[in-house]
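Peer 1: The sequence and its predicted three-dimensional model are supplied below.
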Amino acid sequence: MTIFLMLIGLVVLVLANVPIAVALGAIAAIAIVATQGVYMLPNVALTMYGGAQSFPLLAIPMFILAGAIMNSSSISRRLMDFATALVGFIRGGLAHVNIVQSMFFAEISGSAVADVAALGPIIMPAMMRRGYSRAFTAAITSSSASLAIIIPPSIPMILYGVMSGSSIVKLFVAGIVPGLLGGFAMMAISYYLALKHDWPVEDQFSARRVWFTFKETGWTLIMPTIILGAIFGGIVTATEGAGIAVVAALVIGGLIYRDLDRAQFTRAAIDGAVQTAVVMLLIATSALLGIYLTEAQVPQRLAAEILEFTDNRYGVLAILNAFFLVLGCFLHSAAAIILVVPVVMPLVHAVGIDPVHFGIIVTLNLAIGQQTPPVASVLIATCSIAKADIWEVTKVNVWFIGVLLAVLLLVTYVPIIPMSLVHLFYG
Amino acid sequence: MTGLARLRRIFERVLEIWVVFLVSALTVIVVLAVIWRKAGASFVWYDEVGSIMLAWITYYGAALAALKRAHIGFDGLLLALPWRWRVVVAILGEIVVFAFFIVLAWTGMMVLEVLQGMTLISLPGVPVQFTQSVIPIGAALFILCEALSLPEYWHRLREGISADVAEVSEQMHAQEAGPT
């Protein structure tokens, strides 16, 4: 009964636009006082401090800062030039350029909204000038940006890793194949639509141009690859790699491209701190809720209830997929992970699902959630930049949401797709 | 610019400088820790200090995020309500936010009293009271920032501008200031 009342209270507060982090904390504090007495109230401060002290989460501000510094330099234009040289010759050239530059940018940034904010203002006007419809332009920009949370590094994967106790490095590695698969499938759909609507090709392919634009962009592409390689190879931890990524971003933007000044660094650091704080406050207040949920054995009870219904691994995965897809329509990805992952992990372990495999499933679900209104952070950001109507864009975006759904089903029911590289690297 | 808007701007600037310092210091610590570890001389205090700095970035950054109204929320239903109901629900929501952080500041002070005399494990010269002071201070700052950003929130409510749209236009504005 208490759980039911807490859930109702939480929904009411969230609908009243109380920040989710505060709503969680307020409901948890009331539940603690109601069930354990007012003398337990100092636990609120202790738990909120302890909850914000997770060492592996240090990677989050570092990766956000590295991405924000890169955003501040001329990387967006350079990436677009390189992607145009690489795939602009294919029918529907700029659509492919859009996807390919999103895939490259995903290697630098772990956040899809950052992707859209950096790349959208340049590629979208260019696409519309070349005759692509506003709705298609926004749809492909929005959907391909969500590859940022599937291709490493990925902020949601770091969060999932900490909340589930699984290896962040293995999650990063497991995201590579599904991310590439999603990108290439989006290119295939774009090619089909380009033939149908007779969209143009850009310049003819020229190896010289590829080499020239690669030299212009090279550091931006090579440095993140080296850092990710060092993380995958166990030379540095994810947190250390993230710290090195910040230094690399500073060197590339400030010394090599020479277009990063102190004001831009300050802006990037502020963005990094604010975004980190927003996520970390959620984690801290969810730790407060965790006290109550653990006491009431909610995760174990939920696992028992579902296992009574089915103990088939694929049946459980279908239930969890449906749950996360619905949740993604109404909840921001960070909030969904922080709230739900600790609750469903006992169930995931009980039916023998690999937590790393499940992490990729969760991430893909939330990538779809970023595209499905009413709460669709990336879609809304894109539509705002493109000045496009969300529902008009969604009609076209169904194609790309379909791609992400297909990748989700493949990843769910053919585990070797995400896990092949993990097995290859880590046995 | 009104007096309140000027106060908000000064406050925002001070908090921004402080969080930029914290993030920069954390980056330097993480990078130095990698170099020292590779040189075979790991810092004994790295894990403890790193985690404490993350907690500090969390609470000082959360206050700054409150000033910018950047915390994750859902304003879809609120903005769909008729104006009169929108005001009532928004005021009730704000009361919850203030109440929560008043409780946090108060319990944070209680905890500080209990922690008197305790020090960090890896740095015995640093009192735990100092590191945990971030809870009452952060909570008080949050309350102040929430109050200072009320006029802007009110304006957004009246115009029906969602937080997502406001955030993107701010990011675009920041990007226009620099090269792309």
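Peer 2: On my side now, so go ahead.

Peer 1: Next secondary structure after the longest helix along chain B?
Peer 2: Longest helix in chain B, counting residues (DSSP state H): helix B:3-38. With elements assigned by DSSP states H and E, the helix or strand that comes after helix B:3-38 is helix B:46-67.

Peer 1: Any residue of that following helix touching chain A?
Peer 2: Yes. Legend: contact between helix B:46-67 and chain A by Cβ under 8 Å from any Cβ of the partner chain is shown at B:47, B:50-52, B:54-55, B:57-62, B:64-65. Bear in mind the C-beta positions are built from the backbone N, C-alpha and C, glycine included.

Peer 1: Looking at those, spot the one nearest chain A.
Peer 2: Nearest to chain A among the residues of helix B:46-67 next to chain A, counting by Cβ to the nearest Cβ, is residue B:61 at 2.7 Å.

Peer 1: Near residue B:28, how many other residues are there?
Peer 2: Residues near residue B:28, counting by other Cβ atoms under 10 Å in any protein chain shown, number 13.

Peer 1: Then the one 4 residues further on?
Peer 2: Other residues near residue B:32 come to 13 when the count uses other Cβ under 10 Å.

Peer 1: And for residue B:80?
Peer 2: For residue B:80, using other Cβ under 10 Å, the count is 11.

Peer 1: From chain B, how far out is residue A:191?
Peer 2: According to Cβ to the nearest Cβ, to the nearest Å, residue A:191 stands 28 Å off from chain B.

Peer 1: Report the buried residues of the helix or strand harbouring that residue.
Peer 2: Take DSSP H and E as the rule and residue A:191 turns out to sit in helix A:168-197. Going by neighbour count (16 or more other Cβ atoms under 10 Å in any protein chain shown), the buried part of helix A:168-197 is A:168-179, A:181-183, A:185-187, A:189-191, A:193-194.

Peer 1: helices or strands next to it in the packing?
Peer 2: helix A:93-106, helix A:134-145, helix A:155-164, helix A:207-232, helix A:238-250, helix A:355-369, helix A:390-413, helix A:416-426 (3 or more Cβ pairs under 8 Å, 6 or more residues apart in numbering or on different chains; DSSP states H and E).

Peer 1: Neighbour count and distance to residue A:7 added to the residues of helix B:46-67 next to chain A, as CSV?
Peer 2: As requested, those are arranged in CSV below (neighbours: other Cβ atoms under 10 Å in any protein chain shown; distance: Cβ to Cβ, whole Å):
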residue, neighbour count, distance to residue A:7
B:47, 16, 36
B:50, 20, 35
B:51, 19, 31
B:52, 22, 34
B:54, 24, 30
B:55, 23, 29
B:57, 28, 31
B:58, 30, 26
B:59, 27, 27
B:60, 22, 32
B:61, 30, 29
B:62, 31, 25
B:64, 26, 31
B:65, 27, 26
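
Peer 1: Residue ranges in chain A under the pLDDT threshold?
Peer 2: The model of chain A has pLDDT under 70 over residues A:1, A:73.

Peer 1: By mean pLDDT, which helix or strand of chain B comes out lowest?
Peer 2: Here the helix or strand of chain B ranked lowest by mean pLDDT, DSSP states H and E is helix B:163-176, holding a mean of 66.

Peer 1: Minimum distance to residue B:33: which of the helices and strands packed on helix A:168-197 has it?
Peer 2: Among those, helix A:238-250 comes nearest to residue B:33, with 7.2 Å by Cβ to Cβ.

Peer 1: Compute the inter-axis angle for the closest one and helix A:207-232.
Peer 2: Interaxial angle of helix A:238-250 relative to helix A:207-232 (axes from the mean of the first three to the mean of the last three Cα atoms, to 10 degrees): 150 degrees.

Peer 1: For residue A:347, what is the enclosing helix or strand?
Peer 2: Judged by DSSP H and E, residue A:347 forms part of helix A:333-350.

Peer 1: my guess is residue A:174 contacts residue A:356, does it?
Peer 2: Yes. Under the criterion of Cβ atoms under 8 Å, residue A:174 is in contact with residue A:356, at a separation of 5.4 Å.

Peer 1: Between these two, which contacts overlap?
Peer 2: Residues touching both residue A:174 and residue A:356 by Cβ atoms under 8 Å, 6 or more residues apart in numbering or on different chains: A:418-419, A:422.

Peer 1: What separation is there between the residue in the stretch 151-300 of chain A positioned nearest to chain B and residue A:51?
Peer 2: Using Cβ to the nearest Cβ, the closest approach of the stretch 151-300 of chain A to chain B is made by residue A:277 at 2.7 Å. Distance from residue A:277 to residue A:51, counting by Cβ to Cβ, to the nearest Å: 13 Å.

Peer 1: Mind checking which of those two has more residues around it?
Peer 2: Neighbours were counted for residue A:277 and for residue A:51 using other Cβ under 10 Å; residue A:277 has more, 30 against 23.

Peer 1: helix or strand for that one, which one?
Peer 2: Per DSSP H and E, residue A:277 falls inside helix A:262-295.

Peer 1: And that helix, what does it pack against?
Peer 2: When contacts are defined as 3+ Cβ pairs under 8 Å, 6+ apart, helix A:262-295 sits against helix A:20-36, helix A:42-51, helix A:59-72, helix A:155-164, helix A:333-350, helix B:3-38, helix B:46-67.
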